[in-house]
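J.: I'd like to go over a predicted model; first the sequence, then the structure.
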Amino acid sequence: METKRRDFMGLGLGLFTAAGSIGALYAMKRTWDPLPSVKAAGFTTIDLAGAKENELTVEKWRGKPIFVLKKSAEMPKDDRDVIIGSDRFHVTIGLCTHLGCIPAYRKDKQDFLCACHGGLFDISGHESFGPPPSPLEIPPFKIDGTKLVLGEEGPEYKKMLEAGVTV
Ligand code: FES
């Protein structure tokens, strides 16, 4: 009888310890998870419904300038184009891939000139002259209707990666 009682108490103590451990693990996990405000801060949503052709808009995402430009039908198609409905957009991080200056959009020439060392990027963000070693970067994005959500890898962005497009 005494043995049974001891077993029962041992079992109770074991369960209590296990519950305590699970509680402690849960509390630790909550400490590691980013706060909802931090999670939300990683995304920027831009509604492109009213975008005009050949007009550069500069948005901000995670402290970086983001170039958004609606391409006209005459502008060359490119596998880096972000397609929303029937429209094509140039969407890149507006930092020169040489040393990080912000290139200026030249509307008349339809290119991006970096004044720091004369680097040039074409309308699709490809480096076309000077020291930049690679195209302007495309930020991870998701398309949600007419909106562009920066900071999330949506199917269109993943498709670019799978196709080997330089992002
Ligand atoms: S930083 Fe742009 S060309 Fe050097």
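T.: Nice, thanks for sending it over.

J.: how close does Leu69 get to Ser86?
T.: Distance, Leu69 to Ser86, using CB to CB, to the nearest Å: 16 Å. Where C-beta positions appear, they are placed from N, C-alpha and C, glycine not excepted.

J.: Helices along this structure, start to end?
T.: Taking DSSP state H as the test, the helices found in the chain are 2-32, 36-41, 155-162.

J.: Quick one: list the elements packing against the last one.
T.: The helices and strands touching helix 155-162, judged by 3 or more CB pairs under 8 Å, 6 or more residues apart in numbering; DSSP states H and E, are strand 141-144.

J.: Quick one: mean pLDDT over the strand it packs on.
T.: For strand 141-144, the mean pLDDT works out to 96.

J.: on that earlier part again, of Leu69 and Ser86, which one has the most company?
T.: Set Leu69 next to Ser86 and count neighbours by other CB atoms under 10 Å: Leu69 wins out with 25 against 5.

J.: List the residues that contact the more buried one.
T.: Leu69 makes contact with 54-57, 89-90, 105, 123, according to CB atoms under 8 Å, 6 or more residues apart in numbering.

J.: now swap in Ile123 and tell me
T.: Ile123 neighbours (CB under 8 Å, 6+ apart): 69, 71, 75-76, 90, 110-111.

J.: Then Lys70?
T.: Residues counted as contacts of Lys70 (CB under 8 Å, 6+ apart) are 48, 51-55, 87-89.

J.: List the buried residues for stretch 113-130?
T.: Across stretch 113-130, burial judged by 16 or more other CB atoms under 10 Å covers 113-114, 119-127.

J.: What about the contacts of Leu69, which are in strands?
T.: 56-57, 89-90, 105 (DSSP state E).

J.: Stretch 113-126 near the ligand at all?
T.: Yes. Using CB under 6 Å from any ligand atom, stretch 113-126 reaches the ligand at 114, 116-117, 119.

J.: before we move on, the earlier item: buried ones among the contacts of Lys70?
T.: Using 16+ other CB under 10 Å, the buried ones in those are 48, 51, 87-89.

J.: hmm, who's touching stretch 73-84?
T.: By CB under 8 Å, 6+ apart, the list of residues contacting stretch 73-84 from outside reads 48, 54, 71, 88-91, 110, 123-126, 135, 138, 141, 143, 146, 148, 156, 160, 163, 165-167.
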